[in-house]
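Asker: Quick one: sequence plus predicted model below, questions after.
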Amino acid sequence: MAKMLKAFWRNASRGGGQKLREDCALMSRQLIVGLCLLLAASAWGREATKLASGEAHIHVGVLAVLDDQDTQHQWQPLLDGLSTALSGKRLHLHPLDPVGMERALKANELAFVITNPGHYVVVEARHGATRIATQTAAEGGDPAHAVGSTVVVRADRPLPEGLAGLKGQRVAAVAEQAFGGYQLVAAEWVREGIDAESGDVERLFTGYPMTRVLDAVLQGRADAAILRTCLLERWIGEGRLKPGVLRVVAPRPDSRLPCQTSTSLYPGWAFAASPHVPPDLAREVALALLTLPPDAQGTRWSVPADYQRVHDVLRTLEVEPYAFLRATRLEALARRYWFVIGGALALLALGMLYTLRVEALVKRSTAELTRSLDERDKLTRELEKDREAMDHLSRLSILGELSATLGHELNQPLATIANYTASLQRRVSQKRLADDALKQALQDIGSEAERAAHMLQGIRALARKRVVQRRRCDPSQLASEAVALFRGLQAHAPEVRLQIDSSCVGAAVMVDALQVQQVLLNLLKNALDAHRLAGMDAAPLLCRLHVQSGQVCLAVQDEGPTLSDEQRAHLFEPFFTTKPDGLGLGLPICRTIVEAHGGALRARPADEIGHAGGMVFEVWLPVLEAAQDLLTSAKDNPS
Amino acid sequence: MNTTPVPVIHVVDDDVVFLRSLLFLLEGCGFEAVGHESAEAFLGATPALAPQGGCLLLDIRMPRMSGLELQRRMVSAGSPFPIVFMTGHGDIEQAVQAMKGGALDFLQKPFKEQALLDTVNRAVEASVERQRRRVRQEEAQTILERLSPRERKVARLLALGLSNKEVARDLDISDNTVHVHRQRITEKIGSGHAADLARVLLRADPAGLDAS
């Protein structure tokens, strides 16, 4: 891992250094070109006039694809040869990049242009330049098949299958405008349905010279490199590249050159005359070109080739001079299919609107749902809280209802004890305490203290905070316990007649015994109050039990006045009371308790059920099913 | 101590144990105490107020006949017993009613021994005073009964401070006749002075001098 990192850094720093050097070279080259142009500019004006007279200086622009020195080195012999052939004329070489060339042509500063086939087509289209000769490849062949592209990969990498196999790979090339260096391969891609511009191929443009492309692939910055055909063989021949390091992708078997090529071959570089060059001069130069011997590299000039296939390539790529095709294509499509596009756009807009609306609706309904859920939760919580409060209140309230009498009853034993103690103190201090008197006092004090304690026990049981516990209970036992408790709490409680019907034998209810006893206590207390209000304190109360259609009825009957229908209608409403000091909470709480046990609390006049007397309050509780009953008893007695 | 008669305190309470404790307390304080377990029992016994004084301690809340009812009956029967009510917790309304009905006081249970003694003593004093007043009234009435109706009229006018002449004009009789009546009155009552006549008349009837 560390080793790999190290290697990466070495490569990166080397690449960076080289890049810097190359940048410097590029700058100096541009500087030189600029200076040359500047120096020549003063002379050009003169020369233009001299051209007409058929003598003196002729300026030739050359597309610089190598560095300027190389360009100079490459082309100067040609110009020297032409100068010699054309007596009395001096040809000046101007290495120019496409931009410089464009500017110079616009300014009519060039008589002739030497450029690659793709660029020639552009110059021809833009400036009306006409080719007068086409260069052949050094390796021979005809001028119409001189330029091609060769795609190479490192020999240690897998060889892609055809140019289409480069899809998804990183491919290095000098520039997007390079004819042999890029456009020929790009046209092949387009024909195979690969859209390099849209990213089907990851392109890495290194800029000139073409050695950079070679470096890119050798250093692994690119998977493949696009070279001008025959460059590979030349570099190997010059010893700049070891043979076997690179392999050619999709080599064409029908190459007309002794070099491997990945594309078909196209016409070579063009020697073109600008439109203002007199035809005579053009002809003169053309003749001179054709008669020149091959140069050092072995290239020579031949009759102008047909550049139609170059046009095809550029049209395929939809680049200058066919760049308008891109716009046309879209425009034409739009014009032809406007209704489809418009419809699609409208549908899209509608779809988006619909989506937005649905989303808004969903959002709104979700919010509403969430809100209502929250509200429901809140209500539930409040209800629970209320029920808890009600439960607590029920105990306290029943206690409150009972407390008026309870207070009075508790006073009695306390007052009795106070009397005895006070008197005992007095008698002792006066030294006249008889044994009999002491005995009587102590006996009564003891019994009264016990009585008070008994009452307090009843209150404590009611007031204690406790968890509701439902158990299987015998209703008869519940009733008799409640009656006993009632009489225990009331010193002057009247007789309570308990009548238990035979239907109650064996009946059981699943209740919280204490809560049901609270209810019965409250009903007994109400009955007693009714009697007291009627001035019949000592009249007996009646408590009757019977079972009817699966329910046990615990009824408390008084002999007080019958309540009116209206009073009965409000009987179970909170804070409704017929008593002068009543809270009006006893019965509502009783009903809540009974209903919580699945039962019902009813009030009716005694004569309605065939009894003489005042009101009857009935507690109806569901009797345990026989099966449940058995189950419960089985649980109780695991024998 | 047994030689001097002590005030007799009657107690009515349906709570037997409490009743017993109260009797115990009163006896310890040197009173003679008599207990009754109900209002009806008290009425049935029809005890007389002892000449040496006494009172009735009455529980306000009882089954059947309540303390208030007993009080009403005793007042209408003209009983001389001063009544002290004993109330429990929250019987204030009934206590107020009892006071309006002429009760001497009320005690809230449980009560302090000293409060009981103070109240009972005040009641005993009141009973003694009541009895004294009654004796004087009876004496005055006996005296007045000796006068003829005409003499009573003359005596009343004289007690109001009228002169013989004014009495004669008021009754439309002669001065002489008034003079004769006055002599008779002086003989029968022992004084013919206006102030003495007024005292006797008022003792016999506190409203005796009011305009008739």
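Answerer: Sure thing, it's come through.
Asker: Residue A:320 touches residue A:122, doesn't it?
Answerer: Yes. With contact defined as Cβ atoms under 8 Å, residue A:320 counts as touching residue A:122 (5.0 Å). The C-beta positions use only the backbone N, C-alpha and C, and glycine is treated the same way.
Asker: list residues touching both of these two?
Answerer: residue A:314 (Cβ atoms under 8 Å, 6 or more residues apart in numbering or on different chains).
Asker: Comparing the two, which residue is more hemmed in?
Answerer: Set residue A:320 next to residue A:122 and count neighbours by other Cβ atoms under 10 Å in any protein chain shown: residue A:122 wins out with 24 against 16.
Asker: May I ask which helix or strand encompasses the more buried one?
Answerer: If you go by DSSP states H and E, residue A:122 is part of helix A:117-127.
Asker: Who are the packing partners of that helix?
Answerer: Packing partners of helix A:117-127 (3 or more Cβ pairs under 8 Å, 6 or more residues apart in numbering or on different chains; DSSP states H and E): helix A:98-106, strand A:112-115, strand A:130-135, strand A:270-273, helix A:308-317.
Asker: And the helices in chain B, which stretches?
Answerer: Using DSSP state H, the helices of chain B run over B:16-28, B:39-45, B:67-76, B:92-100, B:113-145, B:149-159, B:164-171, B:175-189, B:194-204.
Asker: For the second one, list every residue counted as buried.
Answerer: The neighbour-count check on helix B:39-45 (16 or more other Cβ atoms under 10 Å in any protein chain shown) flags B:39, B:42-43 as buried.
Asker: and the helices and strands packed on helix A:117-127 as TSV, adding mean neighbour count?
Answerer: What follows is the helices and strands packed on helix A:117-127, written out as TSV (neighbours: other Cβ atoms under 10 Å in any protein chain shown):
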stretch	mean neighbour count
helix A:98-106	16
strand A:112-115	26
strand A:130-135	24
strand A:270-273	26
helix A:308-317	18
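Asker: ok so, going back, looking at the helices of chain B, which is buried most?
Answerer: For those, the largest average neighbour count (mean count of other Cβ atoms under 10 Å in any protein chain shown) is found in helix B:16-28, namely a mean of 22.
Asker: average pLDDT across that one?
Answerer: Mean pLDDT, computed over helix B:16-28, is 92.
Asker: got it, and stretch B:43-51?
Answerer: 86.
Asker: cool, stretch A:473-491 as well?
Answerer: pLDDT averaged over stretch A:473-491 gives 82.
Asker: how far is it from where the chain is centred?
Answerer: 68 Å (Cα atoms, centre = their mean, to the nearest Å).
Asker: Output that stretch as CSV, nothing but the C-alphas.
Answerer: Output in CSV follows, covering the C-alpha atoms of stretch A:473-491 (Å, rounded to 0.1, in the frame of the first residue of the first chain):
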residue,chain,number,x,y,z
CYS,A,473,-67.1,-12.0,46.1
ASP,A,474,-70.3,-13.3,47.6
PRO,A,475,-72.9,-10.5,47.2
SER,A,476,-74.6,-11.6,50.5
GLN,A,477,-71.4,-11.2,52.4
LEU,A,478,-70.7,-7.9,50.7
ALA,A,479,-74.1,-6.6,51.8
SER,A,480,-73.9,-7.8,55.4
GLU,A,481,-70.4,-6.4,55.8
ALA,A,482,-71.5,-3.1,54.4
VAL,A,483,-74.5,-3.1,56.8
ALA,A,484,-72.2,-3.9,59.8
LEU,A,485,-69.8,-1.1,58.7
PHE,A,486,-72.7,1.3,58.4
ARG,A,487,-73.9,0.6,61.9
GLY,A,488,-70.4,0.7,63.2
LEU,A,489,-69.9,4.2,61.8
GLN,A,490,-73.2,5.5,63.1
ALA,A,491,-73.7,5.5,66.8
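Asker: Next, the buried residues of the helix holding residue A:122.
Answerer: By 16+ other Cβ under 10 Å, the buried positions in helix A:117-127 come out as A:117-124, A:127.
Asker: quick one: the nearest residue in space to residue B:125 that is not next to it in sequence from residue B:121, how far?
Answerer: Spatial nearest neighbour of residue B:125, excluding adjacent residues (Cβ to Cβ, 6 or more residues apart in numbering or on different chains): residue B:53 at 7.1 Å. Per Cβ to Cβ, to the nearest Å, residue B:53 is found 9 Å from residue B:121.
Asker: So residue A:543 belongs to a strand, correct?
Answerer: Yes. Residue A:543 sits within a strand when classified using DSSP: H, G, I helix; E, B strand; the rest coil.
Asker: Hmm, residue B:37 is touching residue B:16, no?
Answerer: Yes. Assessed by Cβ under 8 Å, residue B:37 is found in contact with residue B:16 at 6.1 Å.
Asker: Residue A:70 belongs to a strand?
Answerer: No. Judged by three-state DSSP, residue A:70 forms no part of a strand; its state is helix.
Asker: per-residue pLDDT, it?
Answerer: Residue A:70 carries a pLDDT value of 79.
Asker: Leaving out the residues flanking it, which one is nearest to it?
Answerer: Per Cβ to Cβ, 6+ apart, closest to residue A:70 is residue A:209, 7.3 Å.
Asker: if we can go back for a sec, what's the closest of the helices and strands packed on helix A:117-127 to residue A:198?
Answerer: helix A:308-317 (13.3 Å; Cβ to Cβ).
Asker: helices and strands around the closest one, which ones?
Answerer: Helix A:308-317 packs on helix A:117-127, helix A:184-191, going by 3+ Cβ pairs under 8 Å, 6+ apart.
Asker: Keeping just the C-alphas, turn it into PDB.
Answerer: The C-alpha coordinates for helix A:308-317 follow below in PDB (Å, rounded to 0.1, in the frame of the first residue of the first chain):
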ATOM      1  CA  GLN A 308     -15.400  15.000 -49.600                       C
ATOM      2  CA  ARG A 309     -14.700  12.200 -47.100                       C
ATOM      3  CA  VAL A 310     -13.300  14.900 -44.700                       C
ATOM      4  CA  HIS A 311     -16.500  16.800 -45.100                       C
ATOM      5  CA  ASP A 312     -18.300  13.500 -44.200                       C
ATOM      6  CA  VAL A 313     -16.300  13.200 -41.000                       C
ATOM      7  CA  LEU A 314     -17.000  16.800 -40.000                       C
ATOM      8  CA  ARG A 315     -20.700  16.500 -40.800                       C
ATOM      9  CA  THR A 316     -20.900  13.300 -38.800                       C
ATOM     10  CA  LEU A 317     -19.300  15.100 -35.900                       C
END
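Asker: Which residues does it contact?
Answerer: A:117-118, A:120-122, A:179, A:183-184, A:186-187, A:190-191, A:266-267, A:320-322, A:325.
Asker: Please apply the same query to stretch A:272-289.
Answerer: Contacts of stretch A:272-289 (Cβ under 8 Å, 6+ apart): A:51-52, A:54, A:58, A:81-82, A:85-86, A:105, A:108, A:110-115, A:120, A:123-124, A:127-133, A:271, A:301.
Asker: what's the distance between it and the middle of its chain?
Answerer: Distance, centroid of stretch A:272-289 to centroid of chain: 70 Å (Cα atoms, centre = their mean).
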